[in-house]
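Q: Next come a sequence and a model predicted from it.
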Amino acid sequence: MSGHSKWSTIKRKKAVTDAKKGKEFSKISRMISIAIKEKGASPDTNLSLRLALEKAKEANMPSENIQRIMKKWTGDDAVQLETLQFEGYGPHGVAIIVDCITDSRNRTSQEMKHCFSKHNGSVAVPGSVLWMFDRCGKVFVSAETAGTPFFEEHAINAGAQDIRQEENGAIVITKPDELYQIKKHLEDNGIAVERAEFDYEPKNVIVISDQEQKKQIEDLLEALDDNEDVQELYSNVEFAE
C-alpha cells in the first residue's frame with residue numbers, strides 16, 4: 001500500500017508548469033504572511049515563518065521574491081489574511097482536513113462546501129473529524145542519509161517519537177513543538193534533512209483498492225487542492241497498489 005495523511009504525498013504526479021509554480025509561490029507567500037501576522041517577522045523566534053522560508057527555498061523561489069513578500073506583509077498596507085480549517089468526509093467515508101489561508105472567510109467557506117458537495121462529500125462540524133488524527137511534526141531524510149551510521153541514535157537522542165524507514169528514505173516523527181529542534185539536532189550531527197513540516201497523522205486508515213472508488217476520492221482531493229486558498233490537505237485514505 002502507499003499513501004500518507006498529507007495529500008501532496010499521494011496525489012497523482014502532474015507535469016510541472018509555470019502556472020503550477022505560480023500557484024505554489026502564491027501559497028508560500030500566504031504561508032509567510034500568516035506566520036508573520038501571528039508570531040512576528042523574525043525566523044529566529046517564529047518556527048512557522050522559518051518553515052515557510054525553508055519551503056520557499058525548496059521551491060526555488062528567488063530570494064528577491066521572498067524579501068518582497070516579507071516587506072509586503074509587514075507594511076501598513078498588508079492584506080488581512082486569516083487561517084481557516086475545514087473538516088469533512090469524502091466518498092466512502094474518507095476523513096479529510098483542509099487548512100486554508102484566505103482574505104475572505106465567507107468566500108472560502110462557500111467554496112469548500114460547494115467542492116465537497118459536488119464530489120459526493122460533506123463539510124462536517126468542527127471536531128468531528130479532527131479527533132481521528134494526531135498532530136505531529138515530520139522530518140524527512142533521504143535513503144542515503146538514513147543509511148548512515150548513528151542516524152537512528154541521533155534521532156532518538158534528539159527526542160524523536162518514531163522513525164519510519166521507507167523505500168526512499170526515512171521519516172522522523174516528532175512532537176509539533178519539537179520539530180525544529182530535532183531537525184537542527186540532526187543537521188548539527190551531519191544528518192542532511194530534505195524537509196521538515198507539520199502533519200496530521202491518522203489514527204486509523206481507510207484502504208481503497210477499487211479503482212472507481214479511488215478516482216472518486218482523488219477527484220475530490222484534487223478539486224480541493226486546486227483551490228487557491230487551500231494550503232494543506234490531510235486524509236486517512238490509503239490506496240492499495
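A: Nice, I can see it.

Q: mind listing what's buried in stretch 126-139?
A: 129, 130, 132, 133, 136, 137, 138, 139 (16 or more other Cβ atoms under 10 Å). Bear in mind the C-beta positions are built from the backbone N, C-alpha and C, glycine included.

Q: Just give me the neighbour total for the nearest residue to residue 120 once chain neighbours are set aside.
A: Closest residue in space to residue 120, ignoring its immediate chain neighbours: residue 91 at 4.9 Å, by Cβ to Cβ, 6 or more residues apart in numbering. Here the number of neighbours of residue 91 (other Cβ atoms under 10 Å) works out to 19.

Q: Would you confirm that residue 91 contacts residue 121?
A: Yes: the pair residue 91 / residue 121 is scored as a contact, 6.4 Å apart, by Cβ atoms under 8 Å.

Q: Surely residue 198 is in a strand?
A: Yes: if the criterion is DSSP: H, G, I helix; E, B strand; the rest coil, then residue 198 is within a strand.

Q: ok, back up a step: residues in contact with the residue nearest to residue 120?
A: By Cβ atoms under 8 Å, 6 or more residues apart in numbering, the contact set of residue 91 is 119, 120, 121, 213, 216, 217, 220.

Q: This protein: strands as residue ranges?
A: 82-89, 95-102, 122-124, 133-142, 162-166, 169-174, 195-202, 206-208, 230-235, 237-239 (DSSP state E).

Q: Which of the helices and strands in the protein ranks last by mean pLDDT?
A: The weakest-scoring helix or strand in the chain, judged by mean pLDDT, DSSP states H and E, is helix 63-74 (a mean of 74).

Q: Under the pLDDT cut-off, which ranges of this protein? List them.
A: Along the chain, segments meeting pLDDT under 70 span 1-21, 72-79.

Q: can you list the domains in it?
A: 7-74, 82-131+204-239, 132-202 (automatic domain parsing).

Q: Quick check: chain neighbours aside, which residue is closest to residue 111?
A: Leaving aside its sequence neighbours, residue 111 sits nearest to residue 227 (Cβ to Cβ, 6+ apart; 6.0 Å).

Q: what about that neighbour, how many neighbours?
A: The local packing of residue 227 (other Cβ under 10 Å) involves 17 other residues.

Q: mind listing what it touches?
A: Residue 227 neighbours (Cβ under 8 Å, 6+ apart): 100, 108, 111, 112, 115.

Q: need the longest helix for this protein.
A: When the chain is parsed with DSSP state H, its longest helix is helix 18-39.

Q: Kindly format the C-alpha coordinates of that one as CSV.
A: Provided in CSV are the C-alpha atoms of helix 18-39 (Å, rounded to 0.1, in the frame of the first residue of the first chain):
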residue,chain,number,x,y,z
ASP,A,18,4.6,27.8,-15.0
ALA,A,19,1.0,28.1,-13.7
LYS,A,20,1.6,25.4,-11.1
LYS,A,21,4.8,27.0,-10.0
GLY,A,22,3.0,30.4,-9.8
LYS,A,23,0.3,28.7,-7.6
GLU,A,24,3.0,27.2,-5.4
PHE,A,25,4.7,30.6,-5.0
SER,A,26,1.3,32.1,-4.1
LYS,A,27,0.7,29.5,-1.4
ILE,A,28,4.1,30.0,0.1
SER,A,29,3.5,33.8,0.0
ARG,A,30,0.4,33.3,2.1
MET,A,31,2.3,30.9,4.5
ILE,A,32,4.9,33.6,5.1
SER,A,33,2.4,36.3,5.6
ILE,A,34,0.2,34.5,8.1
ALA,A,35,3.3,33.4,10.0
ILE,A,36,4.4,37.0,10.3
LYS,A,37,0.9,38.1,11.3
GLU,A,38,0.6,35.5,14.1
LYS,A,39,4.1,35.5,15.5
